[in-house]
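S.K.: give me the fold of what follows.
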Amino acid sequence: MYIYLAAVILVIMILNAAIIKNVNVIAVIQIVMLSILTTITFILGQTVIQKGHISLLGNLVYIDSLNLIQLFIITTVSLTAAVYSRKYINNSLADKEINLRKAKIYYILFTTFVFSMLFLSVSNNIMAMWIGLEATTLATAFLIGFHNSKLSLEAAWKYIILCSIGIAIGLIGIILFIYGVNRDADPNTLQWTFLMGGVNSVHKGIIKVAFTFIFIGIGTKVGFAPMHTWLSDGHSEAPSPISAMMSGALINLALYVIVRFYVIVRHIDGIQNLKYLFIVFGCISLVVSTFSILRQSNYKRLLAFSSVENMGIISLGFGFGGFAGIFGALLHSIIHAYGKSLLFLVSGNILSAYKTKRTDKINALIKTMPINALFLIVGMLVIVGMPPFAAFFSEFNIFAAGVDGGHFIAVSLLAFCLLIAFAGFLNAFIRMVFQHEGTEYRRMEKDKENVIPLIITMALILLVSCAFNNYLYKILSDAVAIING
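M.R.: Next comes the predicted model:
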């Protein structure tokens, strides 16, 4: 029943944006509908905890602990982005940056983006999942270029070209994968539940090539280096709530698709070494992103490179394997989603007040925007993995798994890159918050705007940090069991 209600809600959200002319009414309805969707997700979570999984519509919809994590992330991050978007769009209308038609298009694309992610996450069909992934590309491409500036349009074109090429490579891999496990043309091969039950007859050579294509192709959407070049421009130029959704939910979801295929191939004798794709690309992403963070003078680009770094950390967790490594990777994907969402939303408030993305043009935030400065500091501490936040414990688990597995070079590189990233964040954000230039500073009125979504995101961070060892532990440990088999 709840799944059907969720489908009705998504239809209402699209019709709401298309028909209603008052932007405030559209925004409020979107927030209410997403609040209901979030509630439904938590109710479904209880059912999954009790029964292990939910299967509906002739097994077309399948929810287990692994994609339940994605549903939690998508609905909560989308809800905070919707709350933030209300004021964001109203300010854009007031400043005559957009007109009413453009505002309605924003909400239509926003809803399409949410629907595509939800469709992808609950689909039990490999090809339907690919279609959902491509749909997110189309929706977010228009959202990246929403303001029609030269840089935003350039970023949108770069994003759609690189990600479409990547997803096309991923499609080739999926077709090869289907052929490699299904030379008898069994239609059930398109279903995750069938493939996860065990594949008896496979062509191992084809499966190796197929998974490599899937990893590299869909890894472009994840933001793995060196396929990450779209990410820094895309996240920098997109509207701040969209940046939060892309960094918090979308790249996590793309990695989820890769992990779904990995669940199948890791149990096929003779090809277990495919885990090194996670380790190699994780290490490359860490090195490229951390040194890029040091060179950034644009705080939104800095946050984008931080997303590449954190995807590298999560990838290492999956590559190291074992309970600790995969548990750490899954926990890190959740806390990174909320921590990065918080930072992108704060950056949107700073951009609204200062009209610049340059770190050297902003100082004394603790005096001019004390509320946002506080959230910026907390968000930074979350992302760099400081205790008592969950990121510290997720990274500790990944370190422990790497040491236990004998991956000493990768673990050493991870430790070094985390220190470099920490230094990069300190260099940029501490100067923005505390550096004075000897002039008198006054608190800006903008500091009080759009604070509610920051409080909601902060509450989610605290919830995860407090609950990962009790309420969330069952969900995370069940997800680990799905991956480990």
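
S.K.: does Y106 touch Y88 like I think?
M.R.: No - using CB atoms under 8 Å, Y106 and Y88 do not qualify as a contacting pair, with a distance of 9.1 Å. C-beta: built from backbone N, CA, C; applies to glycine.

S.K.: for F305, give me its contacts.
M.R.: Shown in contact with F305 (CB atoms under 8 Å, 6 or more residues apart in numbering): L231, S232, S289, S292, I293, Q296.

S.K.: can you tell me the helix or strand for it?
M.R.: helix 299-320 (DSSP states H and E).

S.K.: and that helix, average pLDDT?
M.R.: Helix 299-320 comes out with an average pLDDT of 96.

S.K.: now the helices for the stretch 301-450 of the chain?
M.R.: Using DSSP state H, counting those that start in this stretch, the helices of the stretch 301-450 of the chain run over 322-354, 365-368, 370-383, 390-404, 408-425, 431-434.

S.K.: so which of those gets nearest K150?
M.R.: helix 322-354 (17.3 Å; CB to CB).

S.K.: figure out which of the helices of the stretch 301-450 of the chain is closest to I63.
M.R.: helix 322-354 (15.7 Å).

S.K.: got the buried residues for the helix holding F305?
M.R.: The neighbour-count check on helix 299-320 (16 or more other CB atoms under 10 Å) flags 299-320 as buried.

S.K.: would you mind writing the CA trace of that helix as PDB?
M.R.: Provided in PDB are the C-alpha atoms of helix 299-320 (Å, rounded to 0.1, in the frame of the first residue of the first chain):
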ATOM      1  CA  TYR A 299      34.600  27.000  -2.100                       C
ATOM      2  CA  LYS A 300      31.900  25.200  -4.100                       C
ATOM      3  CA  ARG A 301      34.600  23.600  -6.300                       C
ATOM      4  CA  LEU A 302      36.500  22.700  -3.100                       C
ATOM      5  CA  LEU A 303      33.400  20.900  -1.800                       C
ATOM      6  CA  ALA A 304      33.000  19.100  -5.200                       C
ATOM      7  CA  PHE A 305      36.600  17.800  -5.000                       C
ATOM      8  CA  SER A 306      35.800  16.700  -1.400                       C
ATOM      9  CA  SER A 307      33.000  14.600  -2.800                       C
ATOM     10  CA  VAL A 308      35.500  12.800  -5.100                       C
ATOM     11  CA  GLU A 309      37.700  12.200  -2.100                       C
ATOM     12  CA  ASN A 310      34.900  10.700  -0.100                       C
ATOM     13  CA  MET A 311      33.800   8.500  -2.900                       C
ATOM     14  CA  GLY A 312      37.400   7.300  -3.000                       C
ATOM     15  CA  ILE A 313      37.200   6.500   0.800                       C
ATOM     16  CA  ILE A 314      33.900   4.600   0.300                       C
ATOM     17  CA  SER A 315      35.400   2.700  -2.600                       C
ATOM     18  CA  LEU A 316      38.400   1.600  -0.500                       C
ATOM     19  CA  GLY A 317      36.000   0.300   2.100                       C
ATOM     20  CA  PHE A 318      34.200  -1.900  -0.500                       C
ATOM     21  CA  GLY A 319      37.600  -3.000  -1.900                       C
ATOM     22  CA  PHE A 320      39.100  -3.900   1.500                       C
END
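
S.K.: if we can go back for a sec, can you lay out the contacts of F305 as TSV showing pLDDT and distance to F146?
M.R.: Formatted as TSV, the contacts of F305 follow (pLDDT from 0 to 100; distance: CB to CB, whole Å):
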residue	pLDDT	distance to F146
L231	91	17
S232	88	18
S289	96	25
S292	94	25
I293	94	26
Q296	90	23
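
S.K.: just the ones in helices from these, please.
M.R.: Among these, DSSP state H puts L231, S232, S289, S292, I293 in helices.

S.K.: nearest to I207, of the residues you listed?
M.R.: After measuring these against I207 - CB to CB - the closest member comes out as L231, at 28.7 Å.

S.K.: once you drop chain neighbours, what's closest to that closest one?
M.R.: G223 (4.3 Å; CB to CB, 6 or more residues apart in numbering).

S.K.: with that, I have no additional questions.
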